[in-house]
Structures are given as C-alpha cells and as structure tokens.
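Engineer: need a 3D model of the sequence below.
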Amino acid sequence: MNIIVALLIFTVIVVAHELGHFLLAKKNGVGVPEFSVGMGPRIITAAKTEKGFIVKFFCSQKTMDELEDWKNVTRYSWKLLPIGGSCAMIGEDEENDAPDSFNSKGVWARFSIVFAGPFFNFILAFVLAIIILANSGIDYPIVEYVYDNQPAQSAGIQVGDEIKSVNGHKITIGREIDTYTQLHPLTGKNVDIVIERDGKQKTISLDPNYQTYLFGFSYSPKKTDSTKISSVTEGKAFEKAGIAAGDKILKVNGTEVSNGEELKSVMEKNNTDGKTVVFTIEHNGAEKEYDITPEAYKTKTLGLYASGDIKGGSALEILKYSVVEVKYWIETTVASLGQLITGKLSVKEVSGPVGIVDTVGSMIDQSADYGMRVVILNMLYMSVLLSANLGVMNLLPLPALDGGRLVFILIEAVRGKPVDRDKEGYVHFAGFILLMLFMVFVMYNDIIKIIH
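Structural biologist: Below you'll find the predicted structure:
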C-alpha cells in the first residue's frame, strides 16, 4: 500500500511536469505525437481525428503508427505502470526540418517549452499548499513553547511572541527558524532575534549555550499527540535500559502523563539536576518501571518552539502563505544543494525513490492513528516538498536535465546560432549516463540505510 501511494505521488508530480512541456509545446505549434500517463504497455489510448474521437484499448506502437488518421494528431495514453509520464515532441532529440518540430521554433519559444516543466512543478506545489493551509492552518512563526531554564526563557522571550528575524534573516513561517539554525549552526555567540509583542518590535540578544541532562529519547510535545517514544539515541540511557521506539511513557516519577504536552511539562521538571528518574513504561504490552539516570549534555539551542499550524487565515493570507511555502521549499532545496557542493552535507544523506518510499510509508504509519484526513494532508505536504524539489533539480544547469537544455538555448541566443545538434546530443547522453549511475548509487545508499 505504501509503495502504491508513493508511486501515485511520483506520477502526479511527473505528469504535472510533462503537462507544462505539453501545453507550451502546443501553444508554440510543436507537434506532440503522444502524451502519456504511466509507463509500459498502453491500457487505453484516445485521439481526436478528422473522423471524430477514437478510443482504442491495448494499442501497440505498431498499430498506432499504421493508423492513417492518427499520424498528425496527439494520442493520449494511460499506461499500465503508475510511474511518471511522458510528453513526446517532434524533433526534440533529433534533426527534423518539419515546421512543427521542436528545433524549428525560435529560441524563446523553445526556452518557454523547456522551462514550463519545472515551472508547472512549482504551480502544482502552490495549488497543493492552498489545499493544505485551507484545511490545517498557516504556520505562523509564533512562539508556542518556551522551554524552562533554556536560553529563550533566560533572554525574556515569551509564548505568543512572533519571531520576525534571526540574525538578520527574515522569518515568515515557523519552520524557517529550525531550517536557519540547521543551515547556519549556532556557534556559541549571541543570537539577535527580532520579535513582535503587542504590536511592537524589539531585538533580543540570546546566549545559545545551554547545559542539560539527557535520557536519550524523543517524542512529540503536542497536546494532540500521544506519549509514544518516537526514537531512542544509540548508546544513551534509554537504549541501555532496553527501552525502544514505540514504547509508551505512562508515568514520570509517579506523575501520570496522557499526551505529549503533559510529558513535556513533567520532563522539564525532572531532567535539570541529573538525578535518577522513575519511568513507568508500556513495553511490549506490559507495564514496567525503569530507574534511569540521565547524562550531562552541553549544547547550543534557542530553547523555543515556534512552528504550529493556526487556523483562521483569510483567503488572501492562504494564497500569500501558499506562495511562501513554495518559496521555502525552493530555498531549502537550493541551500541543501549548496551544502552538498561545499561538503557540509554528505552525498550519503541524499535520498532517492527508495528512500522516499520508505519516508512515505513511515509518514502513513505515524499518521494512521489520527485518521484518514491527517494521512491525506501529510501526503499532500510530501507532494509539495517533492514537487518543489523536482522543479529545482530540473533547473540545474546539468546535461540531460531541463536546466542543461536551457543552457544550450541561452548559448544559442548569445551566439546567434545553435550549437551543433549532434554535439549537444552527445553531451546530454553523457549526462544521462552519469545521472543514471548517480541514481544507482543513491538507490544503493537508500537500501543500506533502510537495512541498518
């Protein structure tokens, strides 16, 4: 089931991409012999001919080529395997002097056709973001939690404050705060945070240095979430005691906890002095008490949480923040690529189709307890991320990608004549081979990560 959902997400994203190429190709008079959804054998194929609308089932390529009425029209096919789609344009990868061939068109016509694919991925991400925000709310950067005895509390930041910027970086949505600190790790120097409180802005200088005691587990601090342990840290106190992800915390030093918010409140009172804490935990269906002593841990943190969906935004705000969502994922993807190039991010951390299927599966499993509505919204959210990501990746100026094709078109615009088509073809073919080799590496890496 998880694989099917992931394939459907891939297909919608790829079809949106190909639809961009298709619509601009049609607008500019480029012939499109076939537009298809999926891969493999055709299940159903339709075309509008001079004799009217014709539909055929399980039509082979040979049959399509022999049908005289179908020679100069676009065939629309639904194929067996729900993996991606395609838009075949006349003369796209070959010399063709026909007036409706891709390369017979002007520079800017071809530029618009190629650029339309990634652009439609951004449009899809925008449309899906509207649906998500209309149903779940807008991620305003308003402080929801200020953790006890941590830097934000010491600096005077309060629940309800709106974060406007961090070290001069403008903050529009809550997730940008965590993303900024991930891309610009805290060094120990004071962090300048601009907040808005009661309609007035003020700058707060926050010392991020913080010492605490850790038990080595994580959980969701939201009131709507359970007290299930989402992960345990290898080699730390919880793992050493035999506690595992998925176990449920019932009591902390005798105090019952029924949701993430209550657990957060109790933990903030019981992990500040390094003393042993008694946890009552549901493990493998049975309750058991564990006496666990935390380990001292020094870190750098802001000590606040300011990312929560708040409903009630107007239609204009939803449209505005949908644009912000797409912009956020574009900027995050570009920043991640920058870290990959500079070596700050390992190639081994890159995920491909196998890793994405695994992530989709985990997201479905974690959302299932909260109903189908939450599952669907999370899948839409994943689609926004992937669609924006695909748009950015395809615009990279690399051979075989849309960005590489755009580079050759721009070179032609500057030179006044095209690069030799055969040479361009060799470059794109070489780029395609390298791309496939990289995908094999990423797939292998995904499998290894899942195994371990």
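
Engineer: look up how far L390 lies from I9.
Structural biologist: 11 Å (CB to CB, to the nearest Å). For every residue, glycine as well, the C-beta is placed using N, CA and C.

Engineer: so which of the two has more stuff around it?
Structural biologist: Each of I9 and L390 has its neighbours counted (other CB atoms under 10 Å); L390 has more, 22 against 19.

Engineer: check contacts around that one.
Structural biologist: Residues in contact with L390 (CB atoms under 8 Å, 6 or more residues apart in numbering) are I13, V14, H17, P118, N121.

Engineer: mind checking the SS state of the third one?
Structural biologist: Three states are possible here, and by DSSP: H, G, I helix; E, B strand; the rest coil the one that applies to H17 is helix.

Engineer: so it makes contact with P118?
Structural biologist: Yes. Counting by CB atoms under 8 Å, P118 is a contact partner of H17 at 7.1 Å.

Engineer: need the overlap of contacts for the two.
Structural biologist: With CB under 8 Å, 6+ apart, H17 and P118 have common neighbours L390, G391, N394.

Engineer: which of the residues you listed lies closest to D198?
Structural biologist: For those, the residue nearest D198 by CB to CB is G391; the value is 39.9 Å.

Engineer: now for that closest one: which residues touch it?
Structural biologist: Residues in contact with G391, defined by CB under 8 Å, 6+ apart, are H17, P118, F119, N121, F122, A125, I330.

Engineer: now it: which helix or strand?
Structural biologist: Assigned by DSSP states H and E, G391 belongs to helix 372-394.

Engineer: report the mean confidence score over that helix.
Structural biologist: Computed over helix 372-394, the mean pLDDT rounds to 90.

Engineer: now that helix: buried residues?
Structural biologist: Neighbour-count burial for helix 372-394 flags 374-375, 377-394 (criterion: 16 or more other CB atoms under 10 Å).

Engineer: excluding its backbone neighbours, what's nearest V360?
Structural biologist: The shortest distance from V360 to any non-neighbouring residue, by CB to CB, 6 or more residues apart in numbering, is to A6 (4.3 Å).

Engineer: secondary structure element for the one you found?
Structural biologist: Take DSSP H and E as the rule and A6 turns out to sit in helix 2-27.

Engineer: ok, and for stretch 248-255, which residues are buried?
Structural biologist: I249, L250, K251, V252.

Engineer: one more: stretch 300-318?
Structural biologist: Within stretch 300-318, the residues that qualify as buried are K300, T301, L302, G303, L304, Y305, A306, S307, G308, G313, I318, counting by 16+ other CB under 10 Å.

Engineer: same check on stretch 228-246?
Structural biologist: Neighbour count says stretch 228-246 has K228, I229, V232, K236, A237, F238, E239, A241, I243 buried, by 16+ other CB under 10 Å.

Engineer: residues in contact with the second one?
Structural biologist: Think I229. By CB under 8 Å, 6+ apart, the contact set of I229 is F217, S218, Y219, F238, I243, A244, A245, G246, D247, K248, I249.

Engineer: where does the closest residue to Y147 other than its chain neighbours fall, phi/psi-wise?
Structural biologist: Closest residue to Y147 apart from its sequence neighbours, by CB to CB, 6+ apart: G303 at 4.8 Å. Backbone geometry at G303, expressed as degrees, to the nearest 10, gives phi 80, psi 30.

Engineer: report pLDDT for G303.
Structural biologist: With respect to pLDDT, G303 scores 92.

Engineer: ok, G91 next?
Structural biologist: At G91, the model reports a pLDDT of 83.

Engineer: and the one 3 residues further on, by the same measure?
Structural biologist: For E94, the pLDDT comes out at 73.

Engineer: what's the answer for V354, then?
Structural biologist: pLDDT, V354: 66.

Engineer: circling back: next, format the buried residues of stretch 300-318 as JSON lines and append distance to I44.
Structural biologist: Output for those, formatted as JSON lines (distance: CB to CB, whole Å):
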{"residue": "K300", "distance to I44": "58"}
{"residue": "T301", "distance to I44": "56"}
{"residue": "L302", "distance to I44": "55"}
{"residue": "G303", "distance to I44": "58"}
{"residue": "L304", "distance to I44": "54"}
{"residue": "Y305", "distance to I44": "50"}
{"residue": "A306", "distance to I44": "50"}
{"residue": "S307", "distance to I44": "45"}
{"residue": "G308", "distance to I44": "45"}
{"residue": "G313", "distance to I44": "42"}
{"residue": "I318", "distance to I44": "37"}
